[in-house]
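> sequence and predicted structure, then a few things I'm wondering about:
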Amino acid sequence: MSETHRWLSDYGDSHREISCPAIYWASVLILVPGIAGMLWSLPIPDEFANISPLLNWGSAFLMASLVYYFIISLTLAIGMLPFMLAVAALGVLLTRADVSIAGVSLGLVVVALAGLYFGHHAGGGVAAVLRDIQLTMIGPIWLLSNLYKRLGIPY
């Protein structure tokens, strides 16, 4: 079994008993920009600012995630590019807006965690939510892999 199929299979096995799929999957997609935004708001070393004004812990997290996606599956990584770019664009937009990126991101994380809990309620509750946090970046590609299966796209 390939690394891709192992991760997706492990994630899928723990998500067979989701009580509210629409709430759950929306929450998975909200959690990623929430976590990226929290990281985006952390102070950065001067070396980061010298390289690029867009380089911070949040953008580094997104880049590392995308590199990992390319390692495990080229097709899934290409499919994730629009989502990752949208998350990065949201980070840039919030940075330039007159709002607290940490506050907005914390709100997204709280909403996402509540949605994950209610989505999992019948299938694991808090323990399942903690597992979802652990696998934050696998959830979106698992969703994409299911879409690929329906469309007959190999990954």
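Here it is on my side, so go on.
> what's the residue most central in space within the chain in contact with, if anything?
Centroid check for the chain by C-alpha atoms, centre = their mean gives Val32 as the closest residue, at 3.1 Å. The contact partners of Val32, taken as C-beta atoms under 8 Å, 6 or more residues apart in numbering, are Phe83, Val87, Thr136, Met137, Gly139, Pro140. From N, CA and C alone the C-beta is placed, and that goes for glycine too.
> which element is it on?
Per DSSP states H and E, Val32 falls inside helix 21-40.
> so which bits of that helix are buried?
For helix 21-40, burial by neighbour count (16 or more other C-beta atoms under 10 Å) applies to 23-40.
> what's the answer for stretch 67-86, then?
For stretch 67-86, the neighbour count (16+ other C-beta under 10 Å) marks Tyr68, Tyr69, Ile72, Ser73, Leu76, Ala77, Gly79, Met80, Phe83, Met84 as buried.
> then stretch 86-103?
So for stretch 86-103, counting by 16+ other C-beta under 10 Å, buried means Val87, Ala88, Leu90, Gly91, Leu94, Thr95, Ile101.
> ok, the third one to Leu62 distance?
The spacing between Leu90 and Leu62, counted by C-beta to C-beta, to the nearest Å, is 11 Å.
> show me where the protein has strands.
Remark: strands of the chain are absent; assignment by DSSP state E.
> what lies in contact with stretch 145-154?
Contacts of stretch 145-154 (C-beta under 8 Å, 6+ apart): Leu8, Thr75, Leu76, Gly79, Tyr155.
> which non-adjacent residue is nearest the last one?
Read that as Tyr155. Thr75 (4.3 Å; C-beta to C-beta, 6 or more residues apart in numbering).
> report pLDDT for the one you found.
If you check Thr75, the pLDDT there is 93.
> what of Gly119?
74.
> could you report the neighbour count for Asn146?
13 (other C-beta atoms under 10 Å).
> separation between it and Ile71?
21 Å.
> so which of the contacts of Val32 comes closest to Leu116?
Gly139 (9.3 Å; C-beta to C-beta).
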